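Student: need coordinates for the below:
(2 chains)
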Amino acid sequence: KQEVTQIPAALSVPEGENLVLNCSFTDSAIYNLQWFRQDPGKGLTSLLLIQSSQREQTSGRLNASLDKSSGRSTLYIAASQPGDSATYLCAGTSGNTGKLIFGQGTTLQVKP
Amino acid sequence: ETGVTQTPRHLVMGMTNKKSLKCEQHLGHNAMYWYKQSAKKPLELMFVYSLEERVENNSVPSRFSPECPNSSHLFLHLHTLQPEDSALYLCASSPYRGLDTQYFGPGTRLTVL
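Tutor: Just a heads-up that it's a prediction; the model follows:
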C-alpha cells in the first residue's frame, strides 16, 4: 500500500531564502509524482508533474525532482517570496487508475 | 467560466438532511474525481468516474452517493451524515483516468451539525 510522507509539516523562512520541501513514498512502483499548492480554504493548484520516466521538472522558481529508487521527491523553491506562503502537497499515482495518494502537506510561511 | 467549479462553497446541514454537492468542469475532460479533506488528515480519494462510469469507490459509506450524468457534471448526494463527515470536499478532473494532471475545484466546506 502506497503511503506518502512530507517533512517538515511546517516551515517558516525569511523572504529571499532558497528552500527544499521533502516528500517520501513507500512503493517505488510509483507512476508519477505531482506537487500541488493549496491556499487556506481553497482548492489545489497543480505546480509540477513528474512522469515515471523523468527525474525532474522545472517551472519558474520551482524545481521538483523524483528519485524512485530511494522513494523520494523534493520541491526546490528559489528566492522565496511572501506570495509563496501556502500548503504544499505531494501526491503519487500508484498504478494507472489515476488514484492519487497524498501526503499531509508542508505549510510554508515566507516572512517579508 | 473556465476550469472546475463547485457549488455550494459552504454548506451546513443537520444529520437528517439530504443535500447535494455539484461539480462542473469546462475543460473537456473525461475523468472526474471526488476527494475528502479532513482536518489533520491527508486528502482521500472517494470516487473516480471515467466517461460517466464509476470506476472506483474507495470504501466510502453509502450515505455518500455519487452521480455523473455526463462528462462535465459530477454530483455527490448526501444523506444522514455524521458530524465526522464535516470536511472540505474537493472535485477534480483530468483528460483521462490515469496519469494526467488533475485539476481541482475550490471545494465545498461542509459542516454537519
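
Student: which non-adjacent residue is nearest A:Ala78?
Tutor: In space, and not counting its chain neighbours, A:Ala78 is closest to A:Arg61: 4.4 Å by CB to CB, 6 or more residues apart in numbering or on different chains. In this view, the C-beta of every residue, glycine as well, is placed from N, C-alpha and C.

Student: need the pLDDT of the one you found.
Tutor: In this model, A:Arg61 is scored at 97, pLDDT.

Student: how many neighbouring residues does it have?
Tutor: 13 (other CB atoms under 10 Å in any protein chain shown).

Student: next: the one 4 residues further on.
Tutor: Counted with other CB under 10 Å, residues neighbouring A:Ser65 total 18.

Student: near chain B, which residues of chain A?
Tutor: A:4, A:31-32, A:34, A:36, A:41-46, A:49, A:51-52, A:89, A:91, A:93, A:96-105 (CB under 8 Å from any CB of the partner chain).

Student: so how far is stretch B:13-29 off the chain centroid?
Tutor: Here the centre of stretch B:13-29 is set off from its chain's centre by 7 Å, with CA atoms, centre = their mean, to the nearest Å.

Student: stretch A:37-55 now?
Tutor: 7 Å.

Student: quick check, central residue of chain B?
Tutor: When chain B is reduced to its mean C-alpha position, the nearest residue by CA atoms, centre = their mean turns out to be B:Trp34, at 3.2 Å.

Student: can I get the buried part of the residues of chain A next to chain B as one ChimeraX selection?
Tutor: Buried subset of the residues of chain A next to chain B, written as a ChimeraX selection, criterion 16 or more other CB atoms under 10 Å in any protein chain shown:
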select /A:4,31,32,34,36,42,43,44,46,49,89,91,93,97,98,99,100,101,102,103,104,105
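
Student: and the pLDDT at residue 35?
Tutor: If you meant another chain, say so; for now it's chain A. Taking A:Trp35 on its own, its pLDDT is 96.

Student: if you could check chain B rather than the one you did, that'd help
Tutor: Reading off the model, B:Tyr35 has pLDDT 94.

Student: for B:Val12, which residues count as its bridge partners?
Tutor: On the basis of DSSP bridges, B:Val12 is bridged to B:Thr111.

Student: against chain A, how distant is it?
Tutor: Here the criterion is CB to the nearest CB, to the nearest Å. By it, B:Val12 lies 15 Å from chain A.

Student: pLDDT weak spots in chain A?
Tutor: A:95-98 (pLDDT under 70).

Student: residue boundaries of the strands in it?
Tutor: A:4-7, A:10-14, A:19-25, A:30-38, A:44-51, A:56-59, A:62-67, A:72-77, A:86-94, A:100-102, A:106-111 (DSSP state E).
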